[in-house]
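Undergrad: build me a model:
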Amino acid sequence: MKGTVLFITGIDTNIGKTFATGMIACALAEKGKKVITQKMIQTGCTEVSEDIEMHRKIQGIPFTEEDKAGLTCPYIFTYPCSPHMAAEKDGKTINLSVITEATRRLQEKYEYVLLEGAGGLMVPNDFHSLAIDYVKEQGYPVILVTSGKLGSINHTLLTLCACKQYGIPVRTVVYNLYPPTDEQITANTLEYLTQYLEKVFPDTALITLPEATAGVADIDLVFFKQIAPPLHNFSNRTDGFRNHNKPGLLPHFTNQCIFQLLARFHTSAENFIISGTAMLCCNFSITNNHAACRVFFEHGHSLFIIFFI
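TA: Numbers count the residues shown, from 1 in each chain. Coordinates of the predicted model:
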């Protein structure tokens, strides 16, 4: 077996790469795939990678044998800074072949290896190479994590352009909604990125990563085919479905379906089903076979669903 490696990067540090990596791992596992996460280089830690630890919490599994053997994070440095500086401060040298070998060994056992980078693609591994050089050399496709924070459009487009320049395929752009920011900016940024990808990166999917509370995520990835009828009657483009706020936009979302979804989040899901009309309004978008729907209920409660069709 030689598993597929997906390189998870972001437009910045603290943009949600770790959370996205953990959730993508859950999604693949739920589809029956054998998956493991890996951290290329961890800084600001001792002995144990805090990002790998977070992945396992999200996945709901203990540390694996590969974690204990150091394969899932070959380099851990104590100072919280760029890898090249952190290695220098600890008196060590980063040998990229060590990372490559660790990934290769993981590929022998797993169908998917989700390799999370440190910071963005232009982060230096040392004074001679950048993360993007390594990704290009290995031929890894990229999953790019971004958000709606002010300035993210610029950073996102610069990263996408760098990938195009280096000949690196961008498999997916993950739009992270946590932490919540200005709602108008968040919505407009998502609208802009949707249109930009359709024009410039038509083969790149766009998915939305739901809000989560600090610490443990209170969300789930839902495979829509397992819960309700597929959306074969809907276009796989966002045109005509973007930013709607109308009851009944998705007729397939019955009360029973909503109840099943809510039951995965709340023990008293029936409290959210209001007199035969579960859905008051929703926002819905589909981009390149990925869809995201936010359904709003009375009392200010909401549920964000990501599904694959």
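Undergrad: please make it C-alpha for all contacts and neighbour counts, starting now.
TA: OK.
Undergrad: which one is I185 nearest to, not counting chain neighbours?
TA: Among residues not flanking I185 along the chain, G148 sits closest, at 6.5 Å (C-alpha to C-alpha, 6 or more residues apart in numbering).
Undergrad: who's in contact with the one you found?
TA: 175-177, 181, 185-187, 189-190 (C-alpha atoms under 8 Å, 6 or more residues apart in numbering).
Undergrad: quick one, which of those are buried?
TA: 175-177, 186, 189-190 (16 or more other C-alpha atoms under 10 Å).
Undergrad: inside helices: which ones of the contacts of G148?
TA: Among the contacts of G148, DSSP state H puts 185-187, 189-190 in helices.
Undergrad: rewinding a little: look at the residue nearest to I185 and report its pLDDT.
TA: At G148, the model reports a pLDDT of 94.
Undergrad: and it, how far from T204?
TA: 18 Å (C-alpha to C-alpha, to the nearest Å).
Undergrad: same question for H55.
TA: Applying C-alpha to C-alpha to H55 and T204 gives a distance of 24 Å.
Undergrad: looking at the two, which is more packed in?
TA: H55 (27 against 18; other C-alpha atoms under 10 Å).
Undergrad: of all the ones in helices among the contacts of G148, which two lie farthest apart?
TA: I185 and L190 (8.4 Å; C-alpha to C-alpha).
Undergrad: low-confidence stretches in the stretch 201-309 of the chain?
TA: 211-309 (pLDDT under 70).
Undergrad: 90 instead, please
TA: 209-309 (pLDDT under 90).
Undergrad: ok so, going back, make JSON lines out of the buried ones among the contacts of G148 and add pLDDT and distance to I99.
TA: Listed next are the buried ones among the contacts of G148 as JSON lines, based on pLDDT from 0 to 100; distance: C-alpha to C-alpha, whole Å:
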{"residue": "Y175", "pLDDT": "96", "distance to I99": "28"}
{"residue": "N176", "pLDDT": "95", "distance to I99": "27"}
{"residue": "L177", "pLDDT": "92", "distance to I99": "31"}
{"residue": "T186", "pLDDT": "94", "distance to I99": "36"}
{"residue": "T189", "pLDDT": "96", "distance to I99": "35"}
{"residue": "L190", "pLDDT": "96", "distance to I99": "34"}
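Undergrad: quick check: which element contains F19?
TA: helix 17-30 (DSSP states H and E).
Undergrad: now do that helix, average pLDDT.
TA: On average, the pLDDT along helix 17-30 is 95.
Undergrad: again, but for stretch 152-161
TA: 98.
Undergrad: and the contacts of that stretch?
TA: Applying C-alpha under 8 Å, 6+ apart, the set of residues contacting stretch 152-161 is 11-12, 121, 146, 170, 189, 193.
Undergrad: also stretch 82-102?
TA: Identification of contacts with stretch 82-102 by C-alpha under 8 Å, 6+ apart yields 40-43, 71-72, 74-75, 77-80, 118-119, 123-127.
Undergrad: show me how the record splits the protein into domains.
TA: 4-209, 224-308 (automatic domain parsing).
Undergrad: deepest-packed of these, please.
TA: Burial of those is given as mean neighbour count (mean count of other C-alpha atoms under 10 Å); domain 4-209 ranks first at a mean of 19.
Undergrad: give me the distance between the two termini of stretch 40-52.
TA: Note: stretch 40-52 ends 10 Å apart using C-alpha to C-alpha.
Undergrad: what comes into contact with it?
TA: 18, 37-39, 67, 72-83, 86, 99, 115-118.
Undergrad: next step: the residues you listed restricted to strands.
TA: 37-39, 76-77, 115-116 (DSSP state E).
Undergrad: relative to A25, which of these is nearest.
TA: Distances from A25 to the ones in strands among the contacts of stretch 40-52, taken by C-alpha to C-alpha, are shortest for T37, at 7.1 Å.
Undergrad: from Y178, how far out is the closest residue to that closest one other than its chain neighbours?
TA: In space, and not counting its chain neighbours, T37 is closest to L114: 4.6 Å by C-alpha to C-alpha, 6+ apart. Going from L114 to Y178 by C-alpha to C-alpha gives 21 Å.
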